[in-house]
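Trainee: The sequence and its predicted three-dimensional model are supplied below.
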Protein chains: 2
Amino acid sequence: MEEPLSKAFAALADPTRRDIVARLAAADATVGELAEPYAVSVQAISKHLKVLEDAGLVSKTKVAQSRAVHLEAEVLDLMTAWIERYRQRAEQRYQRLDAVLAQMTEEEGHAS
Amino acid sequence: MEEPLSKAFAALADPTRRDIVARLAAADATVGELAEPYAVSVQAISKHLKVLEDAGLVSKTKVAQSRAVHLEAEVLDLMTAWIERYRQRAEQRYQRLDAVLAQMTEEEGHAS
DNA sequence: GAAGTCTTCAACCTGATGGTTGACAACGGC
DNA sequence: GCCGTTGTCAACCATCAGGTTGAAGACTTC
């Protein structure tokens, strides 16, 4: 299933949502608390939280009449796993390329 | 600057683009080669590659009449750095919560 | 139970995105 | 020099994303 990754990457593509995630990493917060610093309506933040929740990055628990939002580490884990897999391959290929270039330079040196 | 992260996350939100990245991790390829497996026009893939290029995930070098596309590891690095930063904090908080709950359970045991 | 607070749902607008087709620029092979 | 191949640009279309305002749901408090 790669749907979760699509939703997760899309969710973190928005600066406001990344900021929310950053703040939630420090401490849980209610919807109202999260909305306070931004110059948009509470409804807009509620939508952002829904996107984060649908991506599995965040979960809410009813607390009195408000909702406590907290960060879920698992999907973040999936994301790094995906990225690292290909970053490492790319880096390895890059180093191999360096080796090939060094080899070519060396051989050129011998030829001249 | 967080513009690069926005573009990078948005770029990887699309399954076709993630697939392209995955293939480029194995080997460089031309635009035509990259487009071949998908049931869309070459122009559509060209657009996808432009998105990846604007995000700094990919670069192209003119080779004869075609263009060799290759993966850039650096932005992938930025992404994992960002994610890991907050994933680790979230995980630490989670473990701390576990400790608190264990403490509460223990104290409850003493009270009863 | 009426009032107030916190959050979400619904309808709507605007701009971005992913796709199409058609034209064109650039380059190698003959 | 022309033709075929490769890739991009432009215009267009449909859908989605992020924002707004207004109304309604859910729960405390008095």
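Mentor: That came through, no problem.
Trainee: Spell out which residues of chain A are next to DNA strand C.
Mentor: A:30-33, A:35, A:42-43, A:46, A:49-50, A:60, A:65-67 (CB under 7 Å from any atom of the strand). Any C-beta I mention is one placed from the backbone N, CA and C, and that applies to glycine too.
Trainee: Let's see which of those residues end up in strands.
Mentor: A:30, A:60, A:66-67 (DSSP state E).
Trainee: Closest one of those residues to residue B:74?
Mentor: residue A:60 (35.8 Å; CB to CB).
Trainee: how close does that closest one get to residue A:84?
Mentor: For residue A:60, the distance to residue A:84 equals 29 Å [CB to CB, to the nearest Å].
Trainee: ditto for residue A:17
Mentor: 22 Å.
Trainee: So if I had to pick from these two, which one is more boxed in?
Mentor: Applying other CB atoms under 10 Å in any protein chain shown to residue A:17 and residue A:84 shows that residue A:17 carries more neighbours, namely 21 against 16.
Trainee: got a list of what the more buried one touches?
Mentor: By CB atoms under 8 Å, 6 or more residues apart in numbering or on different chains, the contact list for residue A:17 reads A:11, A:48, A:51-52.
Trainee: Can you tell me which of these is nearest residue A:24?
Mentor: Closest to residue A:24 out of these is residue A:52 (8.8 Å), distances taken as CB to CB.
Trainee: can I assume that closest one is in contact with residue A:13?
Mentor: No - if you go by CB atoms under 8 Å, residue A:52 and residue A:13 don't touch, sitting 11.7 Å apart.
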